[in-house]
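**Student:** After the sequence you'll find the predicted model.
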Amino acid sequence: MAEITNGDPVLRLSDIGKSFDGVTVLDGVSLEVPRGSFVALTGPSGAGKSTLLRLVNGMHLPDRGTVSTLGENPAACSRARLRALRARVGFVFQQFGLVGRLSAMENVLMGALATLRLPRYGVMSYPRALRARAVEQLDRVGLADQRFQRCDTLSGGQQQRVAVARTLLQGPELILADEPVASLDPAASVLVLDTLKRISAEDGISVLCSLHQVELALSTADRVVALRGGRLVLDEPARDLTAARLRTIYDLAGARDG
Ligand SMILES: Nc1ncnc2c1ncn2[C@@H]1O[C@H](COP(=O)(O)OP(=O)(O)OP(=O)(O)O)[C@@H](O)[C@H]1O
């Protein structure tokens with residue numbers, strides 16, 4: 001397994017190009033995510049944010065340029081090595097990706113399935129130490145009391161926090177979040193992002209999180225990058241940016257939520 005030293009970025013994209021069916025989606029994108037930082041990836045709908053996130057863990061491969069994720073190039077990885085890399089990279093999705101009829105606890109435990117040899121059925125089939133860790137992660141996202149509740153009876157914000165706990169159980173070094181709050185109301189959005197930010201800071205986990213909401217990007221992230229038409233048009237510390245400037249730098253006119 002590749003190691004990165006303390007000063008190395010957890011993620012380095014160099015001159016990435018990616019097309020689908022002859023249509024360019026990413027064009028000359030270079031980006032670094034320093035270890036332990038929370039980077040917001042902004043930009044209008046169709047700018048290439050999801051595609052970029054998928055390149056990071058090898059779900060897509062670039063047509064040109066190189067990706068270095070935790071010191072590994074997904075394009076050069078064997079299947080086993082890619083699996084090992086993906087275990088180090090958590091993914092949080094807009095639609096949570098939970099099994100609605102299962103409890104919060106069981107959904108969190110599923111974050112550890114890749115490390116277990118046998119399929120598991122029911123909470124009690126997981127090792128005791130793992131169950132204790134699952135409760136601990138649920139506690140950190142404020143949902144220990146809801147651990148036996150079916151996920152489809154939780155609010156959207158609670159479900160996304162369960163998804164964060166599930167990712168944490170995996171022990172990731174880097175978390176990719178693809179519009180994790182796009183389907184949540186403003187209060188739940190703030191709570192989910194604050195939770196992710198707090199825990200990532202506590203555990204030293206780096207986060208690359210795509211967001212549509214300019215204000216949330218500025219209030220949560222250490223660094224903000226923006227894509228427009230597949231090109232990187234901004235990469236600056238959040239403290240140096242204002243919402244007004246961020247809005248003008250990339251055109252929100254066509255954005256879904258803009
Ligand atoms: N697997 C694919 N096959 C063909 N086209 C694709 C594929 N994935 C993405 N695209 C296209 O690439 C472009 C960028 O999509 P992407 O989902 O990366 O943008 P985005 O910035 O994440 O948008 P949104 O904010 O709406 O999620 C879009 O035009 C999309 O249709």
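**Tutor:** That came through, no problem.

**Student:** Can you dump the C-alpha atoms of the longest helix along the chain in PDB for me?
**Tutor:** Ranked by residue count and defined by DSSP state H, the top helix of the chain is helix 186-203. Only the C-alpha atoms of helix 186-203 are listed here, as PDB (Å, rounded to 0.1, in the frame of the first residue of the first chain):
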ATOM      1  CA  PRO A 186     -31.000  24.700   5.100                       C
ATOM      2  CA  ALA A 187     -30.900  23.800   8.800                       C
ATOM      3  CA  ALA A 188     -30.200  20.100   8.100                       C
ATOM      4  CA  SER A 189     -27.600  21.100   5.500                       C
ATOM      5  CA  VAL A 190     -25.600  23.200   8.100                       C
ATOM      6  CA  LEU A 191     -25.800  20.400  10.600                       C
ATOM      7  CA  VAL A 192     -24.500  17.700   8.200                       C
ATOM      8  CA  LEU A 193     -21.700  19.900   7.000                       C
ATOM      9  CA  ASP A 194     -20.700  21.000  10.500                       C
ATOM     10  CA  THR A 195     -20.700  17.400  11.600                       C
ATOM     11  CA  LEU A 196     -18.500  16.300   8.700                       C
ATOM     12  CA  LYS A 197     -16.200  19.300   9.200                       C
ATOM     13  CA  ARG A 198     -15.800  18.700  13.000                       C
ATOM     14  CA  ILE A 199     -15.100  15.000  12.700                       C
ATOM     15  CA  SER A 200     -12.800  15.400   9.800                       C
ATOM     16  CA  ALA A 201     -10.800  17.900  11.800                       C
ATOM     17  CA  GLU A 202     -10.800  15.700  14.900                       C
ATOM     18  CA  ASP A 203      -9.600  12.600  12.900                       C
END
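
**Student:** what residues does it touch?
**Tutor:** Helix 186-203 is touched from outside by 36, 38, 92, 140-142, 155-157, 160-161, 164, 168, 175, 177, 180-181, 184, 205-207, 209, 213, 216, 219-220, with contacts defined as C-beta atoms under 8 Å, 6 or more residues apart in numbering. All C-beta spots, glycine's among them, are computed from the backbone N, C-alpha and C.

**Student:** near the ligand, which residues of the protein?
**Tutor:** By C-beta under 6 Å from any ligand atom, the residues of the chain that approach the ligand are 20, 21, 25, 43, 45, 46, 47, 48, 49, 50, 51, 256.

**Student:** pLDDT and neighbour count for the residues you listed - can I get that in a markdown table?
**Tutor:** Below are these laid out as a markdown table (pLDDT from 0 to 100; neighbours: other C-beta atoms under 10 Å):
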| residue | pLDDT | neighbour count |
| --- | --- | --- |
| 20 | 96 | 10 |
| 21 | 94 | 5 |
| 25 | 96 | 21 |
| 43 | 90 | 27 |
| 45 | 87 | 12 |
| 46 | 88 | 16 |
| 47 | 89 | 26 |
| 48 | 93 | 25 |
| 49 | 94 | 24 |
| 50 | 95 | 19 |
| 51 | 97 | 21 |
| 256 | 41 | 11 |
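
**Student:** Now intersect the contacts of helix 186-203 with the helices, please.
**Tutor:** Checking those against DSSP H, those in helices are 140, 156, 157, 160, 161, 164, 168, 216, 219, 220.

**Student:** ok, the nearest residue to residue 243 once chain neighbours are set aside - how many residues close by?
**Tutor:** Excluding its sequence neighbours, the residue lying closest to residue 243 (C-beta to C-beta, 6 or more residues apart in numbering) is residue 214, at 4.9 Å. For residue 214, the count of nearby residues is 25 (other C-beta atoms under 10 Å).

**Student:** now residue 214: how far from residue 248?
**Tutor:** 10 Å (C-beta to C-beta, to the nearest Å).

**Student:** do residue 29 as well
**Tutor:** 21 Å.

**Student:** same thing with residue 206?
**Tutor:** 28 Å.

**Student:** What of residue 192?
**Tutor:** 27 Å.

**Student:** just residue 86 next, same as before
**Tutor:** Residue 86 is 37 Å from residue 248, by C-beta to C-beta.

**Student:** which one of those two has more residues nearby?
**Tutor:** Shown here are residue 86 and residue 248; by other C-beta under 10 Å, residue 86 has more neighbours (19 against 10).

**Student:** I'm done for today, thanks for sticking with me.
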